[in-house]
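Visitor: got a structure for you, letters missing:
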């Protein structure tokens, strides 16, 4: 009893959505986060004994193929997918973990992590970097980005290349002293 209580307390404390299904893809366990998700999505919250398809009817056929593969091969599977529920897109990372009994897979533990905000942040960062790159490289002023620690060039724009007559490939990773742009520290200060 103590072991079971510890297991349930631990699993119910996870932020990840966790459930366990049997070989018939019927729910045999749902953690608190998964039950709350079902409530939020206005789905069955008492899904124990129901098939995945009956509780989560919006899942694509690929998900069922993945479960069958885990049951057949006994190998865990990680997948990333976008699921639409009530008009909202959720991006998830799903781990399907086989549990063996008497030499064969008897159950699959599924741990689902909502990565929607992370993916949105990654997309926003890529878009921001692309905008910065366009502004940096198309700027009419001579621009260089250097490392604060040692002054090595990280990037230069075309105007800088034309002004100083060095190509980007010649300067990236080197310092201005290293490429001979300034011959001494004193000359660099003037």
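Guide: That came in fine, so what should we check first? The structure presented is a predicted model; accordingly, all values stated were derived computationally and were not measured. Numbering: from 1, shown residues only.

Visitor: for the protein, what's the longest helix?
Guide: Criterion DSSP state H: the longest helix present in the chain is helix 116-138.

Visitor: could you list the residues in contact with it?
Guide: 89-92, 143, 145, 155, 157-158 (CB atoms under 8 Å, 6 or more residues apart in numbering). From N, CA and C alone the C-beta is placed, and that goes for glycine too.

Visitor: with stretch 85-103 instead?
Guide: So stretch 85-103 is contacted by 20, 41-42, 58, 66-67, 70-71, 74-84, 105-116, 118-119 (CB under 8 Å, 6+ apart).

Visitor: among the residues you listed, which are in strands?
Guide: Cross-referencing the contacts of stretch 85-103 against strands under DSSP state E gives 20, 77-84, 105-114.

Visitor: returning to what we had before: of the contacts of helix 116-138, closest to residue 179?
Guide: When those are compared for distance to residue 179 (CB to CB), residue 155 wins out at 14.2 Å.

Visitor: three-state assignment of the closest one?
Guide: The three-state label for residue 155, taken from DSSP: H, G, I helix; E, B strand; the rest coil, comes out as strand.

Visitor: that one contacts residue 161, doesn't it?
Guide: No - using CB atoms under 8 Å as the test, residue 155 is too far from residue 161 to be in contact (10.8 Å).

Visitor: that's all I had, so thanks and see you.
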